[in-house]
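Peer 1: After the sequence you'll find the predicted model.
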Amino acid sequence: MFLRNGWYSAIWSHELTDKPVGKTFLNEKVVLFRNDRGEVGALEDCCCHRAAPLSLGEVLGANLACGYHGLKFDVNGKCVEVPGQTDVPSGAKVRSYPVHEKNKVVWIWMGDPDKADTSKVPDMPWLSDPKWATTPGNLYVKSNYQFIIDNLLDLTHVSYVHRKTLAGDPREATTPTKTERLNDGVRVGRWMIDFVPPPLFAKAGNFTGKVDRWQHATWHPPGIVYLDVGCAKTGTGAPEGDRSQGISIWSSHLITPETEHSSHYMFCFARDFSLDDQQMSKLLFDGSKATFMEDVEFLEAVQTNRTGGTLDGLVHVTADAAQLQARRMLNAMIGAEQQA
Amino acid sequence: MFLRNGWYSAIWSHELTDKPVGKTFLNEKVVLFRNDRGEVGALEDCCCHRAAPLSLGEVLGANLACGYHGLKFDVNGKCVEVPGQTDVPSGAKVRSYPVHEKNKVVWIWMGDPDKADTSKVPDMPWLSDPKWATTPGNLYVKSNYQFIIDNLLDLTHVSYVHRKTLAGDPREATTPTKTERLNDGVRVGRWMIDFVPPPLFAKAGNFTGKVDRWQHATWHPPGIVYLDVGCAKTGTGAPEGDRSQGISIWSSHLITPETEHSSHYMFCFARDFSLDDQQMSKLLFDGSKATFMEDVEFLEAVQTNRTGGTLDGLVHVTADAAQLQARRMLNAMIGAEQQA
Amino acid sequence: MFLRNGWYSAIWSHELTDKPVGKTFLNEKVVLFRNDRGEVGALEDCCCHRAAPLSLGEVLGANLACGYHGLKFDVNGKCVEVPGQTDVPSGAKVRSYPVHEKNKVVWIWMGDPDKADTSKVPDMPWLSDPKWATTPGNLYVKSNYQFIIDNLLDLTHVSYVHRKTLAGDPREATTPTKTERLNDGVRVGRWMIDFVPPPLFAKAGNFTGKVDRWQHATWHPPGIVYLDVGCAKTGTGAPEGDRSQGISIWSSHLITPETEHSSHYMFCFARDFSLDDQQMSKLLFDGSKATFMEDVEFLEAVQTNRTGGTLDGLVHVTADAAQLQARRMLNAMIGAEQQA
């Protein structure tokens, strides 16, 4: 079950250049392309003539040309030329999807085009603001997207799945979290005062002693989770709002279902320190990707045990509050959409 | 949907020596073998005793012996020996299929054996006539056989799919074709007068200037397409029938469905020039195979978009006339056969 | 169709150390582990909290801890700890399976736990008695378990499938066998007097001349087959019971269905000669594994021809008596169990 009327991340802007890209979103094959005017098109990845994937074609001027027989389509999916004849047959068009580019991400709307309101695309300024240095990447996960969101809203798995990479202080496993229901999402977070910093943070921030550490995760439906994480030297006022003696990372996770049992996962660390330090970029990119791969092992294993993607019949614990809130909100939205 | 009462290509004669060969045709597993008398047998590839594939066995004299327990079968599928006992149990036999060898091809009949008329096996003398030099090969294509036939009867895809290999003159993309319905097939062709020759032809025929070029494709149901292609120095009378200043190639394509979504594809270039030139053979074999692999990329991609193998709901263009005729004829034959 | 109320081999004892092991038996995912007291647990391989496979976790003291969120389970499947909270939620448990360790094998009961009678675990003393040297191993076979048992109770396939490895004298193919129905199984065997020894035996026993050779296979339901095989110098009294001039091997085959079309296959040669000879161990291990791989080729090929795992519609020969008896007995047991 997917929410159709929602903005999903399709591709990083910098990955969509002069070649069309084929991807499957919500079980539908889509070709993304950018024409010579910089416009982005998202079309059904299937030519209306002989069903070749348009992603095997090429961008020619304002249009995308099919690689099989040369038919040309504009960004709205209208066939504008058939080689070898002067007329374009009536009905020669392919489905197009609303798209919107924002914060260096191409967003796509898989539902009713009339409901696509670009003002509802989530705000993640740290992805495009020059005050932040970013290290974006991609994962492909053979797991239902809801298991990935569960995982991101669950701060306790860090002490187990990431005990060799992200975990620092043993007290993390038992530090409680606070969950908050938003109008358009769920937030969960916690402070860990006077803790040993985890290895990646200690290295990135040059911390030699204890730190005050924060983790605040926010989910927006359908598939966006970003975490405001960081730490500052203990006692320098971070809990009160002074982060000057600390480092901050916005860890962004853009999840789009490919099918019921596989997902596209775009990730990015945005940092407010060492902005031009390529070594730091490499450290954080490699570190974040390696960490997320630890999650992938569990996410894909859970999927084999729960092919339906639900939590039906499972036992819940206290730390599950945020993910249960998020599932409840998303399921209500899906239910309302399907009833409409 | 397959036509059952028709001759399908099974294997090149030279590939069937003293080892049995297992293949699946029209969803049925078949073992082909040639016994010590040169007779060809085509049997169900499943021993009637313990279901081992007979293709794991060996040819012993006139028979095929199962590799699991040694039961022997003759070319008609009759069990003639069970090791360890004197009697052969009644009912010990496997299904056999009519076969016929002609033009260096083994043909198989997957339908009602009583209707197998060997006089209906297609004539392709260039495959066995010493006046032609041949370069046969095989492809395995994960695509419905009808998409392959569509592709072969469609001369306009050459300008797109093969633009780096077969295409020569830009006017090819828009040169119209003429389609003709035969009693037992469809023919489509065209002349291209005073054109730049495509690279492979220029090299094979040593053409330095423009040529008159011809392409005539003929389909015979269910799965045979051969193309009479070639070119001659412009103005030397080729359109009027004088090919003495040109080169001719019969490009043969023998397509047999493996399943609804995969096909065996036997191909062969037969040429009337440089008959003993091994370099030319290598040039044409490598060139034709590389070209057909360009088709395979599209054929397999189309298959993923159209698992049913039909053209239902697609838009047709002028150049599709031949393939639409062929599909209509084949579908009528299948319909008649299934009604009978 | 599986017999559920029966003891199945799960793993060799020496392979279950301090790491949990995940396997699928009879379509159910199971995690096996040995705790710090040496007790073996067999649990559903799916945490009751977020469905992670417990086989990705670790053994901690007496318990198995989930690798995702740290929940701990005892050998009976009871959750005994949830990190981050003092209470364990009611209902927090996973299914456990009865296990029993005997003759260096861990046995598992996939049926009604109340019927698990450890006195019914088959006796195979040669697997653990120091008078025998053993060379255990594992195969994974993409075939229904019944085809594997058929194969082991069928002594005539040796002359065909193993003609390059196990077969010695050409008369083996036609030497008749004697089948005996036991209360709890089927036995089939034969003597071959004054025969050429097969290569592996000739080498292992240093035989230069003819031998008297015996083969006695015993099946116990559901999946145990052991063969008492060997040979002695001809005329030294082996048929009358004096094996002093010969060598004996107990060849054990422990078959447990993974699914309807795949099986776990534990094998072991136990020998009564050259007990401390590592070269002999290597010779027999490599020789037996290579031989069994010859069977696997046929077993997996038969499976593709007979996905249902039955012999329905096949023709039987005289040498099939033992396997038909065994199938009849097992099918009757399964039928009775399903009716109960």
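Peer 2: All right, it came through fine.

Peer 1: Tell me who's in contact with the residue of the stretch 201-340 of chain A found nearest chain B.
Peer 2: Of all residues in the stretch 201-340 of chain A, A:Thr259 sits closest to chain B, at 13.7 Å by CB to the nearest CB. Any C-beta I mention is one placed from the backbone N, CA and C, and that applies to glycine too. Each residue near A:Thr259 by CB atoms under 8 Å, 6 or more residues apart in numbering or on different chains is listed here: A:Thr24, A:Asn27.

Peer 1: Check the gap between it and chain C for me.
Peer 2: Distance, A:Thr259 to chain C, using CB to the nearest CB, to the nearest Å: 19 Å.

Peer 1: quick one, domains of chain A?
Peer 2: If you go by automatic domain parsing, the domain ranges for chain A are A:7-120, A:129-339.

Peer 1: how far does the longest one sit from the chain's center?
Peer 2: Average the C-alpha atoms of domain A:129-339, do the same for its chain, and the two points are 12 Å apart (CA atoms, centre = their mean, to the nearest Å).

Peer 1: Of all the domains of chain A, which one is nearest B:Trp107?
Peer 2: The closest approach between B:Trp107 and any of the domains of chain A, judged by CB to CB, belongs to domain A:7-120 at 29.7 Å.

Peer 1: tell me the contacts of the residue positioned nearest the centre of chain A?
Peer 2: For chain A, the residue whose C-alpha lies nearest the mean C-alpha position (CA atoms, centre = their mean) is A:Leu254; its distance is 0.6 Å. In this structure, A:Leu254 makes contact with A:Ser9, A:Val105, A:Gly223, A:Ile224, A:Tyr265, A:Met266, A:Phe267, judged by CB under 8 Å, 6+ apart.

Peer 1: From these, pick the one nearest A:Phe201.
Peer 2: A:Phe267 (17.3 Å).

Peer 1: I'd guessed the closest one sits against A:Asn138; true?
Peer 2: Yes. Counting by CB atoms under 8 Å, A:Phe267 does reach A:Asn138; the two are 7.4 Å apart.

Peer 1: Could you confirm whether the one helix or strand A:Val31 maps to reaches chain B?
Peer 2: Under DSSP states H and E, the secondary-structure element containing A:Val31 is strand A:28-34. Yes. Applying CB under 8 Å from any CB of the partner chain, one finds strand A:28-34 touching chain B at A:Lys29.

Peer 1: among the contacts of A:Leu254, which are in reach of chain B?
Peer 2: Near chain B, by the rule CB under 8 Å from any CB, you find none of the contacts of A:Leu254.

Peer 1: any idea which of those is closest to chain C?
Peer 2: Proximity of those to chain C was ranked by CB to the nearest CB; the top entry is A:Tyr265 with 17.9 Å.

Peer 1: Around chain C, which positions in the stretch 151-300 of chain A sit nearby?
Peer 2: When proximity is defined by CB under 8 Å from any CB, the stretch 151-300 of chain A lies next to chain C at A:Asp154, A:Thr156, A:His157, A:Ser159, A:Tyr160, A:Val161, A:Ala173, A:Thr174, A:Pro176, A:Glu297, A:Phe298.

Peer 1: Could you list which of these belong to helices?
Peer 2: Counting by DSSP state H, the part of these found in helices is A:Ser159, A:Tyr160, A:Val161, A:Glu297, A:Phe298.

Peer 1: dump the residue contacts of the first one.
Peer 2: So the one you mean is A:Ser159. For A:Ser159, the set of contacting residues under the criterion of CB under 8 Å, 6+ apart consists of A:Ala167, A:Pro170, A:Glu172, A:Ala173, C:Gly70, C:Pro83.

Peer 1: Including neighbour count, could the residues you listed go into TSV?
Peer 2: Listed next are these as TSV, based on neighbours: other CB atoms under 10 Å in any protein chain shown:
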residue	neighbour count
A:Ala167	17
A:Pro170	11
A:Glu172	23
A:Ala173	19
C:Gly70	23
C:Pro83	17
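
Peer 1: Just flag the most distant two among those.
Peer 2: When the contacts of A:Ser159 are compared pair by pair using CB to CB, the two farthest from each other are A:Ala167 and C:Pro83, 12.3 Å apart.

Peer 1: ranges for the strands of the stretch 201-340 of chain A?
Peer 2: For the stretch 201-340 of chain A, strands defined by DSSP state E, counting those that start in this stretch occupy the ranges A:211-220, A:224-233, A:246-259, A:262-271.

Peer 1: what angle separates the longest one from strand A:224-233?
Peer 2: Right, strand A:246-259. Taking axes from the mean of the first three to the mean of the last three CA atoms, to 10 degrees, strand A:246-259 and strand A:224-233 form an angle of 160 degrees between their directions.

Peer 1: in strand A:246-259, what's buried?
Peer 2: Buried residues in strand A:246-259, counting neighbours by 16 or more other CB atoms under 10 Å in any protein chain shown, are found at A:246-258.

Peer 1: Thought A:Ala51 was touching A:His69, still the case?
Peer 2: No. The pair A:His69 and A:Ala51 does not pass the contact test of CB under 8 Å, sitting 11.1 Å apart.

Peer 1: Those two: who's more crowded?
Peer 2: Neighbours of A:His69 and A:Ala51, each counted by other CB atoms under 10 Å in any protein chain shown, are more numerous for A:His69; the result is 25 against 21.

Peer 1: What strand or helix carries the more buried one?
Peer 2: Using DSSP H and E, A:His69 is not contained in any helix or strand.

Peer 1: Now do it against chain C, distance only.
Peer 2: Distance check for A:His69 against chain C: by CB to the nearest CB, it reads 39 Å.

Peer 1: mind checking pLDDT for that residue?
Peer 2: On the pLDDT scale, A:His69 is placed at 96.

Peer 1: what sits against it?
Peer 2: With contact taken as CB under 8 Å, 6+ apart, A:His69 is in contact with A:Cys47, A:His49, A:Arg50, A:Ala52, A:Val82, A:Pro83, B:Asp154, B:Thr156, B:His157, B:Tyr160, B:Val317, B:Ala319.
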